[in-house]
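In: no sequence on hand, only this structure:
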């Protein structure tokens, strides 16, 4: 058995364990042990992966396993990882681990909550390890549907509306995707040996240009919906605002990365010709995402909406950088995925904790929280600084790499767009500092807030795990970029030979 | 024809034996022993299914591949045998569902009729699927429809049942008449009613176009394809839930398979005619079925319109007749659809019997009081909507796969329309999930104590929904029979 299958097997065992647990204590035990095992497995995977690489194994994907699933349709359960997927798996494991602690006291129906959360994580891990289009698509949808119940049952605000909107829009995206995947499959080879295996499709390189131009938009938009690409981003603010804490964390932290990952693994990697031809359209759309998200965040008053729009902007930047298709920019995009994943998870965790105490998320009704809950407030400032790109934290490394790489283009159109996108950093600073200034400093708005307590141990644990990771990327950026750079090179060389 | 040749119809003869045994059992036993009728019916049909599945390999005979009887009127193939097995499995599930219903006082005296009539319709479907001559096809079709009218009206003291039965009868007769008219034109144009004969004689003339369209219209009624779907909701609502679930899965599956065989073998050379007609019919069926389902409050009407749209997806398999995947995917879709729909009807039926409630609004907060039933219903809804990892996802994927394999741009467009419709369908399937899981209710339906049969059918269908897709040997089995 390969190490990769462990990432699917552990959550399935966890589901079984949760199903059998009878009280809160058992549920917590199963969830903690399971997610800790996942985190350990992810770290082991990174170590093994780096070991293989330094031993000179230059294969594109490592730890590959291939089982025939549906013989007649040539569908395989095929798994394998490159540097990017390894990084994504580590990200997911960290966030799931932190998410379990952030939902320590979830009510009602804790058992069901964790079961759906773990089902979601099966989809996420499965997606990142798959190299067979069918399996990949299946895991992708497995990750989407639990969102409906997670938001609908445990959410707040207009949760029915948000849950339905989110599910339908994402499923709409996956409908496009399914058509795209079938189209790719039926043009995957010229000699009749059709295949769903991504590596083989790339090797055959047989998709006719005409079909690339049809299939690229289908797959890119299909994944782009999950990556909150303008104008398909509208599910994101509502969805995040209504979701319970751990779900917001996982969704903004990991699920939205599925979109970006899919965009480059399927759409760009398999259809390099169409990427060159059509990327300008999507560059404009993602450029709008970057801008529009940042500006919208400036005028929101609900903390979760601010972060949701900020996510739209940051995830837009991921897709934007991917479409620049040179190695540096794409490496930056992957680092931005990691950085944004951790940082947003941290944000949403903190917002959840603050909301659990103040029972409001409106920034006009809060103030002076630094005095009342210093731990949470300091963490919030750290998350904010990471978000606006302070050197030493993850955001700086990612955005720096992106803009250096993007500006490297000789194309004027791209250079202009890069300059425009750069300005979003300033806007980010505006909305982050506005929130920090409003709710953490200044006079206390509500006298009841004076009685509130600071974070308890499980909350502290959850945030510290995330902060360590955020700072880790900021302090050791080279280590991360070494991990992903080689894998990115393979893809960018396909687009610009 | 000789006696041994007659034995070639192993499937039909064995089913006939089951019917006769049940009939004798019901007629000549006291009411004390008679209460074992449901379990006897399930067991007998189960044994017959095992015979269909393994008879060949055990050398029991009567199920040889490509047995051709009565001068080629009746042909049994591996794939038709698999189709019969699938229908049998569905019928066993329906019988299990029915077991607690026939125990009611009202139904006690009629339970024998219920089982015998249901099996007679199944026999008709057997013949319909194995027919290679339109005469036998028609006899099979009528054998399948007329007893169905009696089944729809079996709760004869209920007004709704009568209305439903009358509607069903009129529509069945009318569609049969249309089909006969079409067939008579075919006979006039080609001089034969054998599929193979028609295939070699058929040329596309105005007469044969009208004939094929009339034939399609007739079958459209049976399959409740748009625009011939109007009877569906009323009949489904009026009929007893058990009969509805039989009507919505078994009869639809059989009709779809038989139509596919007729279109591809007999009208293969006129394919451009029916291909275009069917193309539009499928697009309309999926879309209109979905749009009407959104507005339904009564769960049976809701499932009726959902099944209209599912029929459209099933017919996508017919469009890809040129490759081997078409029939395999169609049958696999039918199998998965049987499990999903029976799960939904079993839960709806259990709730209806316990509380008399049939509205989706009444399901509010059901998860708090009846978690198991709610989860089964949710699985059924997800499977019908095509959400992985449940079986419905795989069956939809395979149907789309086979449709796109023909490789033409119009098929991509049709699949795209179908895919958009899965989003619409997801919306209304989620409404049921929303009612059960998300909403709170001051007065939810009280906890239902279901009997062993209901538990069994809910458990088996739920298990099927989870496993039929993930375990690839089911599809492989069907596919190997198809090629």
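Out: That came through fine. Since this is a predicted model, take the numbers as computed values, not measurements.
In: ok, residue B:121 touching residue B:251?
Out: Yes: counting by C-beta atoms under 8 Å, residue B:121 touches residue B:251, with 7.1 Å between them. Where C-beta positions appear, they are placed from N, C-alpha and C, glycine not excepted.
In: list the residues that contact both of these two?
Out: Residues touching both residue B:121 and residue B:251 (C-beta atoms under 8 Å, 6 or more residues apart in numbering or on different chains): B:144, B:148.
In: what pLDDT, on average, does stretch B:83-99 get?
Out: Stretch B:83-99 carries an average pLDDT of 92.
In: repeat that for stretch A:39-56.
Out: 87.
In: quick check: buried residues in that stretch?
Out: Judged by neighbour count using 16 or more other C-beta atoms under 10 Å in any protein chain shown, the buried positions of stretch A:39-56 are A:39, A:41, A:42, A:45, A:46, A:49, A:53.
In: which one of these is nearest chain B?
Out: residue A:41 (21.6 Å; C-beta to the nearest C-beta).
In: still on that earlier bit, which among the buried residues of stretch A:39-56 gets closest to residue B:426?
Out: The shortest approach to residue B:426 among these belongs to residue A:42, at 32.3 Å (C-beta to C-beta).
In: and the host helix or strand of the closest one, what does it pack against?
Out: Secondary structure assignment for residue A:42, by DSSP states H and E: helix A:24-54. Contacts defined by 3 or more C-beta pairs under 8 Å, 6 or more residues apart in numbering or on different chains; DSSP states H and E place helix A:24-54 against helix A:6-20, strand A:62-70, helix A:83-102, helix A:110-129, helix A:477-495.
In: can you list contacts of the first one?
Out: Contacts of helix A:6-20 from elsewhere in the structure, counted by C-beta under 8 Å, 6+ apart, are A:27, A:30-31, A:34-35, A:37-38, A:41-42, A:89, A:111, A:114-115, A:118-119, A:121-122, A:125-126, A:129.
In: same thing with the last one?
Out: Here helix A:477-495 makes contact (C-beta under 8 Å, 6+ apart) with A:46, A:49-50, A:53, A:58, A:60, A:82-84, A:86-87, A:202, A:264, A:268-269, A:272, A:275-276, A:325-327, A:330-331, A:334-335, A:338, A:397, A:401, A:473.
In: if we go to 7 Å?
Out: For helix A:477-495, the surrounding residues in contact (C-beta atoms under 7 Å, 6 or more residues apart in numbering or on different chains) are A:60, A:82-84, A:86-87, A:202, A:264, A:268-269, A:272, A:275-276, A:325-327, A:330-331, A:334-335, A:338, A:397, A:473.
In: the second one now?
Out: Surrounding strand A:62-70, the residues in contact under the criterion C-beta under 7 Å, 6+ apart are A:2-5, A:49, A:52, A:75-81, B:472, B:475.
In: quickly run through the sheet partners of that strand, with directions.
Out: In the sheet, strand A:62-70 lines up against strand A:75-81 (antiparallel) (DSSP bridges).
In: the strand it pairs with to helix A:24-54, inter-axis angle?
Out: Using axes from the mean of the first three to the mean of the last three C-alpha atoms, to 10 degrees, the inter-axis angle of strand A:75-81 relative to helix A:24-54 is 70 degrees.
In: relative to helix A:110-129, how tilted is strand A:75-81?
Out: Strand A:75-81 runs at 80 degrees relative to helix A:110-129, counting by the same axes, to 10 degrees.
In: which outside residues touch the helix or strand residue B:457 falls within?
Out: Assigned by DSSP H and E, residue B:457 belongs to helix B:452-470. Outside helix B:452-470, the residues that touch it by C-beta under 7 Å, 6+ apart are B:93, B:96-97, B:99-100, B:335-336, B:339-340, B:342-343, B:346-347, B:350, B:373, B:376, B:379-380, B:383, B:389-391, B:393-394, B:474.
In: quick one, phi psi at residue B:356?
Out: The phi/psi pair for residue B:356 (degrees, to the nearest 10) reads phi 70, psi 10.
In: which bits of the stretch 151-300 of chain A sit near chain B?
Out: The interface of the stretch 151-300 of chain A toward chain B, taken as C-beta under 7 Å from any C-beta of the partner chain, is made up of A:152-153, A:160, A:164, A:167-168, A:171-172, A:175, A:178-179, A:182, A:186.
In: which one of those sits closest to residue A:373?
Out: Nearest to residue A:373 among these is residue A:153, at 28.1 Å by C-beta to C-beta.
In: pick out the residue in the stretch 251-400 of chain B sitting closest to chain A.
Out: Closest point on the stretch 251-400 of chain B to chain A, by C-beta to the nearest C-beta, is residue B:388, at 4.5 Å.
In: OK, contacts around the residue in chain A sticking out farthest from the centre?
Out: Going by C-alpha atoms, centre = their mean, the residue of chain A most distant from its centre is residue A:447, 38.0 Å out. Residue A:447 makes no contacts at all, as judged by C-beta under 7 Å, 6+ apart.
In: what's the helix or strand for residue B:210?
Out: helix B:206-223.
In: same check, this time on residue B:75
Out: Going by DSSP H and E, residue B:75 is part of strand B:74-76.
In: elements contacting the next helix or strand after that strand?
Out: Per DSSP H and E, strand B:74-76 leads on to helix B:78-98 as the next helix or strand towards the C-terminus. Packing partners of helix B:78-98 (3 or more C-beta pairs under 7 Å, 6 or more residues apart in numbering or on different chains; DSSP states H and E): helix B:37-54, helix B:111-130, helix B:241-246, helix B:252-261, helix B:325-355, helix B:452-470, helix B:473-482.
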